[in-house]
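1. Need coordinates for the following:
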Amino acid sequence: MMKSFATLATLLWCVSAEGAALTVVFQLGEQQEPTLDRLLPDVARFMAFNKDSTKLIAKGMGGTVVEWDMETRQKREVTNINAKRWFAYATGTNQLLVRKADDDIVRLNLENGKETHLTNGEYESGDMSHDGTLAVLTKGDEFVEVWQIQPAPAQQLKTLKTAFPARNGIAISSTGNAIATAEGTYHEEHRTVIELWETSQEMPARLINTGTTLGVWNLIFSPDGTMLAVDTQQHAKSGIRVWEVETGRQLLNRDGFEAYWTRALAFSPARPADTLASGDEGGNLVLWDIRTDEAVWRETYATGIQAIAFSPNGKYVAVALWDTTIQMLRWRKQ
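-> Next up, the predicted model:
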């Protein structure tokens, strides 16, 4: 799947002909030579900016979470998360939901380092609403736990029964009104679906079944919770989908990318979001106009892309590469 990598050939791109422009302004981290058999521990698997866009929180493939200061470009180590698919960050309260080495699930305040215990268990993945009031947890089986984590004390509200094991991803919308589960079974019959739930309901409001693998790397709500994006994979080629949450209407549908996996997706911070960024194993960074279902900007790096994040102020796009660097791009709409 991986290939040999050359040094990133060009550090300055400015393309505006199709409606968007991105310019590389600085780099976080030191470049390392990628290995052929596995991703390096310092490659950022997940990223998110804090509310005022002054810090970038990144979880590495090895589980270490760091916080980058956008002004000084220095980092500090925050914690270590003991789960491969796990990264739950509440932008509004600057808190992480963490699975520790002893399988305790805690809420970590990044401002003061205070930890608040939630529960214990070998949960594969989880997510948290942006205001930090609700969390969803799954062990990768056919159950999703919904927790109220603020106000204290934390309490489990309900358990949702899914159609298939929720092993491909789980997400909760920014307001906590909607939950999405990307589910799959890979035994005698290979099937994947997405179930959409209203948080207040016991049964799913909608089931999405496209016949492709859905959400192995990405399952994300738009900032206002009105859209859901997911990566797809079929016949060794990847793709992306975007749906309108309320109606299930498909807004963006692209298949047949040469890269095996589209590993990174991120919505722009507009409300409603009008742009989706995608990054894949071939190093292809693309900005998609959701309204027209068309690409408005493309560039190819010399190494794969693992994560993407837009800053809430709309100023930056962070792109995490397999060489362990994070490229900070200044973004503007035309």
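2. Low-confidence ranges, the chain, go.
-> 1-20, 188, 333-334 (pLDDT under 70).
3. what residue is smack in the middle of it?
-> residue 218 (5.4 Å; CA atoms, centre = their mean).
4. And that one, how far from residue 263?
-> Counting by CB to CB, to the nearest Å, the separation of residue 218 from residue 263 is 8 Å. For every residue, glycine as well, the C-beta is placed using N, CA and C.
5. Check residue 221 too.
-> Where residue 263 is concerned, residue 221 sits at a distance of 18 Å (CB to CB).
6. before we move on, what about residue 303?
-> 12 Å.
7. any idea which helix or strand carries the residue nearest to the centre of the chain?
-> Secondary structure assignment for residue 218, by DSSP states H and E: strand 213-221.
8. other SSEs contacting that strand?
-> On a contact count with 3 or more CB pairs under 8 Å, 6 or more residues apart in numbering; DSSP states H and E, strand 213-221 meets strand 169-172, strand 178-186, strand 190-198, strand 227-234, strand 262-267.
9. Looking at these, spot the one closest to residue 37.
-> strand 262-267 (16.8 Å; CB to CB).
10. quick one: that closest one to strand 213-221, angle?
-> Angle between the axes of strand 262-267 and strand 213-221 is 30 degrees (criterion: axes from the mean of the first three to the mean of the last three CA atoms, to 10 degrees).
11. Use 883 as the first number for this chain going forward.
-> That works, and once the first residue is 883, the last one we named lands at strand 1144-1149.
12. Give me the distance from whichever helix or strand comes after strand 1144-1149 to the chain's centre.
-> Where DSSP H and E defines the elements, the next helix or strand beyond strand 1144-1149 is strand 1157-1162. Here strand 1157-1162 is found 11 Å from its chain centre; the criterion is CA atoms, centre = their mean, to the nearest Å.
13. Listing partners with orientation, what would you give for strand 1157-1162?
-> strand 1144-1149 (antiparallel), strand 1166-1171 (antiparallel) (DSSP bridges).
14. Show me the strands in the stretch 883-1032 of the chain, by range?
-> Here the stretch 883-1032 of the chain has its strands, by DSSP state E, counting those that start in this stretch, at 902-910, 926-931, 937-942, 946-951, 957-962, 970-972, 977-981, 986-991, 997-1002, 1007-1010, 1016-1020, 1025-1030.
15. Show me what the last one is in contact with.
-> Defining contact as CB atoms under 8 Å, 6 or more residues apart in numbering, one finds that strand 1025-1030 is touched by 1000-1001, 1015-1020, 1036-1044, 1048, 1052, 1061, 1063, 1081.
16. Could I get the strands of the stretch 883-1032 of the chain in a markdown table, plus columns for mean neighbour count and distance to residue 1197?
-> As requested, the strands of the stretch 883-1032 of the chain are exported to a markdown table (neighbours: other CB atoms under 10 Å; distance: least, CB to CB, whole Å):
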| stretch | mean neighbour count | distance to residue 1197 |
| --- | --- | --- |
| strand 902-910 | 17 | 10 |
| strand 926-931 | 24 | 10 |
| strand 937-942 | 23 | 12 |
| strand 946-951 | 18 | 15 |
| strand 957-962 | 15 | 19 |
| strand 970-972 | 25 | 19 |
| strand 977-981 | 24 | 23 |
| strand 986-991 | 19 | 26 |
| strand 997-1002 | 16 | 32 |
| strand 1007-1010 | 26 | 24 |
| strand 1016-1020 | 26 | 29 |
| strand 1025-1030 | 18 | 33 |
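17. export stretch 1020-1028 as PDB, just CAs?
-> Extracted in PDB, the C-alpha atoms of stretch 1020-1028 (Å, rounded to 0.1, in the frame of the first residue of the first chain):
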ATOM      1  CA  THR A1020     -18.500   1.700  21.700                       C
ATOM      2  CA  LYS A1021     -16.400  -1.400  22.200                       C
ATOM      3  CA  GLY A1022     -16.600  -2.200  18.500                       C
ATOM      4  CA  ASP A1023     -19.600  -4.500  19.100                       C
ATOM      5  CA  GLU A1024     -23.300  -3.900  18.400                       C
ATOM      6  CA  PHE A1025     -23.800  -1.500  21.200                       C
ATOM      7  CA  VAL A1026     -23.300   2.300  21.600                       C
ATOM      8  CA  GLU A1027     -23.400   3.900  25.000                       C
ATOM      9  CA  VAL A1028     -24.700   7.500  25.300                       C
END
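18. closest to residue 1190 out of the strands of the stretch 883-1032 of the chain?
-> Among the strands of the stretch 883-1032 of the chain, the nearest to residue 1190 by CB to CB is strand 926-931 (7.3 Å).
19. Dump that closest one to PDB, restricted to CA.
-> Below are the C-alpha coordinates for strand 926-931, written out as PDB (Å, rounded to 0.1, in the frame of the first residue of the first chain):
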ATOM      1  CA  ALA A 926      -0.700  12.800  13.300                       C
ATOM      2  CA  ARG A 927      -3.700  10.400  13.100                       C
ATOM      3  CA  PHE A 928      -6.300  13.000  14.300                       C
ATOM      4  CA  MET A 929      -6.100  16.800  14.600                       C
ATOM      5  CA  ALA A 930      -8.400  19.600  15.900                       C
ATOM      6  CA  PHE A 931      -7.900  23.300  16.600                       C
END
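20. This completes my enquiry, with thanks.
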